[in-house]
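Q: sharing a model that was predicted from the sequence below.
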Amino acid sequence: MPHKISLLIRADIDLDAIELIATGCLTEQTAPVLLEQIARARMLDPESPIRVDLTGARHIDPSAAARVRARTSAPDPLGHRRTPLRLELPDELPQCPMGHAPAIAS
């Protein structure tokens, strides 16, 4: 069974709030989808802070979480000011329910 990620994006421009709520699986294969949606959320309102909630994800590969954290906290290569982003992860990353061991980045 392939791993998929589902995203709900809530943008309340009046309250200056954008939320991305993820369910499903955050893996090395689905991380680019999440990163693309974060970039799109930044374009909705460049001044609004963005909250990415991964607390409801079915499973999270540690390497994928690290990749998202690194990409979202890195300075913009063009020197533009980045919208503040808060990444919320569960205290303990959920393991794959299909019994697959998480990939270890080398």
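A: Thanks, I have the structure now.
Q: what number of residues lie near D91?
A: Neighbourhood size, D91 [other C-beta atoms under 10 Å]: 5. Glycine gets a C-beta too; all of them are placed from N, C-alpha and C.
Q: so where does it fall, helix or strand?
A: According to DSSP states H and E, D91 maps onto no helix or strand at all.
Q: any idea how far it lies from R67?
A: 20 Å (C-beta to C-beta, to the nearest Å).
Q: repeat for L44
A: The value you get for L44 to R67, if C-beta to C-beta is used, is 23 Å.
Q: so which of these two has more stuff around it?
A: A direct count of neighbours by other C-beta under 10 Å for L44 and R67 places R67 higher, at 18 against 13.
Q: just the strands in the chain please.
A: Listed in chain order, the strands of the chain (DSSP state E) span 5-12, 17-26, 50-53, 59-60, 85-88.
Q: out of these, which comes closest to M98?
A: In terms of C-beta to C-beta, the element of the strands of the chain nearest to M98 is strand 59-60, at 8.5 Å.
Q: mind giving me the packing neighbours of that closest one?
A: When contacts are defined as 3 or more C-beta pairs under 8 Å, 6 or more residues apart in numbering; DSSP states H and E, strand 59-60 packs onto strand 17-26.
Q: convert the C-alpha atoms of the strand it packs on to CSV, please.
A: The C-alpha atoms that make up strand 17-26 are tabulated as CSV, following Å, rounded to 0.1, in the frame of the first residue of the first chain:
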residue,chain,number,x,y,z
ALA,A,17,-3.5,33.0,10.0
ILE,A,18,-2.7,30.1,7.6
GLU,A,19,-2.8,26.5,8.8
LEU,A,20,-1.8,23.3,7.0
ILE,A,21,-3.2,20.2,8.7
ALA,A,22,-1.6,17.0,7.6
THR,A,23,-2.9,13.4,8.0
GLY,A,24,-1.7,10.3,6.4
CYS,A,25,2.0,9.6,6.0
LEU,A,26,5.0,11.9,6.0
